[in-house]
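J.: Got a predicted model here, sequence first, then my questions.
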Amino acid sequence: MKKTIFQFTTALALLAAAGVANAADCKITVGLVMELTGPAGEYGQAGAKSVEMAFRDINAAGGVRGCDLVTDTRDSQSQGNVAVDAATQLVQVKKVPVIIGGIISSVSIPILTSVTAPAKIVQVSPASSSPTLTALGRDGKTNGIFFRTITSDALQGVAAAKYAIDKGFKKLSVIHVNNDFGVNMVAEFSRAYKALGGTIVSDTPYNEKQSSYASEVTAAMAGNPDGLYLVSTPVDGATIARTWISQGGVQKFLLNDGMNSPDFIESVGADYLKDAYGTSSGTSPTASTDYFMKNYKDFSGIEPSNPAADRSYDAGAIVGLAIAIAGSDDPDKIKDAMYRAVDPQGTPIHAGKEEFAKALGLIKDGKPIRYEGVIGPVAFDKYGDITGPFRLWKITDGKVTTDGEMSTDDVNKLQAQLNK
């Protein structure tokens, strides 16, 4: 009898140990399609690390349904066709309920139209700002599954135009990347800039990853502009800026958000960028902002000022909390939970282990939460868009420094004025 009891007790102990092991091994996988290499590689590397940091913090707080959030990260190589292949494998083979990515619009759009929208899998982009993404939602082509944690270029173009006029850019040449992002950004900018009294003397598109941009620069220099509006990425942008300078172009630049990059500044040379200005989606600082700025570099080895870093953390945090709220891996439930993770009526939640533990407790009790992220409190509209302020910046002594801000209300008022 004693032998039987001993054997039974041992078996229970083994089963209990196995249960603990299985709980520890429990994982919920989220797909990441990021631009780890190619022209946007700097952004994607920062974005991937930010999502990993958000998941680390949620896991340290207890995880989701007792499971750890993990990423299956694929490199889009900054190319839409590569991104589609990666996303297809993540959805069809790995069966992920969510894809975070891409960073640039020319990657996010083909993922959305070819993979996630048809499969009704939630997709969250931290940094794709093309107005086309809104149009796809408005036309009923996204199945309501697309979200982004960056404002649309329809608004950034307006902010950039006003900033250009304020900084004395009266006649601009434009060189822009010839993709959905570049074309739409320049279209929105041009409309507002001309309405505010500015003149565009030339508009020159370029194709990515060329060894030389001499012909594009020569075309852009026609008309004696008083500055260059360069819509690009750090690697190609540096090549174009160096060519512009070497050909005698005026050393006064207006730059898009992605050019807020230490690599760009170092490659061009700070001495040539003393009159360089730019716009980026801004932040409304919260406790999350402070937490991220203090901890991100230690985690990632990357500066927290990287354009994709802050909003990628928020994308990861909102996705993790949405999966917890959904209570399952059902993409349709996660889609609905994305809105509930930022419920304006919910208890404010910020970044970090302690705050996420608080959030998970509230979720367990069926109470609403409002994640107030690194970029500030956000809410998604029915197309997955957010609104927010814009940061106005300049390059000073080789560093990007804040020069001011246009509030959400300021941008909306100017937009309304221009639409009259």
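T.: Yes, it's here.
J.: dump the residue contacts of residue 262.
T.: With contact set as CB atoms under 8 Å, 6 or more residues apart in numbering, residue 262 has these partners: 303, 305, 400. Placement of C-beta: from N, CA and C, glycine included.
J.: sec struct for the first one, please.
T.: The three-state label given to residue 303 by DSSP: H, G, I helix; E, B strand; the rest coil is coil.
J.: nearest to residue 375, of the contacts of residue 262?
T.: Lowest distance from residue 375 to the contacts of residue 262 (CB to CB) belongs to residue 305, with 12.9 Å.
J.: Do I have it right that that closest one meets residue 260?
T.: Yes. Between residue 305 and residue 260 there is a contact at 7.1 Å, judged by CB atoms under 8 Å.
J.: so what sits against both of the two?
T.: Overlap of the contact sets of residue 305 and residue 260 (by CB under 8 Å, 6+ apart) consists of residue 400.
J.: of all the contacts of residue 262, which comes closest to residue 139?
T.: So of these, ranked by how close each gets to residue 139 (CB to CB), first place is residue 305, at 35.7 Å.
J.: Please name the nearest non-neighbouring residue to the closest one.
T.: Closest residue to residue 305 apart from its sequence neighbours, by CB to CB, 6 or more residues apart in numbering: residue 400 at 6.5 Å.
J.: how far away is the one you found from residue 239?
T.: To residue 239, residue 400 is 20 Å away according to CB to CB, to the nearest Å.
J.: more crowded one of these two?
T.: Taking neighbours as other CB atoms under 10 Å, residue 400 and residue 239 compare with residue 400 leading, 24 against 21.
J.: Can you say which helix or strand has the more buried one in it?
T.: Taking DSSP states H and E as the criterion, residue 400 maps to strand 399-406.
J.: Could you list the paired strands of that strand along with their orientation?
T.: Partners of strand 399-406 in the sheet, by DSSP bridges, are strand 390-396 (antiparallel).
J.: Could you tell me how far the strand it pairs with lies from the centre of the chain?
T.: Its chain's C-alpha centre and that of strand 390-396 lie 18 Å apart, by CA atoms, centre = their mean, to the nearest Å.
J.: With stretch 385-403 instead?
T.: Per CA atoms, centre = their mean, the centroid offset for stretch 385-403 relative to its chain is 15 Å.
J.: Could you do stretch 26-40 as well?
T.: Worked out by CA atoms, centre = their mean, stretch 26-40 lies 13 Å from the chain centre.
J.: part of a helix, is residue 361?
T.: Yes. Counting by three-state DSSP, residue 361 falls inside a helix.
J.: All the strands of the stretch 251-400 of the chain, residue numbers only.
T.: Counting by DSSP state E, counting those that start in this stretch, the stretch 251-400 of the chain has strands at residues 253-255, 276-281, 347-349, 369-373, 376-377, 390-396, 399-406.
J.: where's the residue nearest to residue 80 when sequence neighbours are not counted, which helix or strand?
T.: For residue 80, ignoring the flanking residues on the chain, the nearest one in space by CB to CB, 6+ apart is residue 110 at 4.0 Å. Using DSSP H and E, the element containing residue 110 is helix 105-111.
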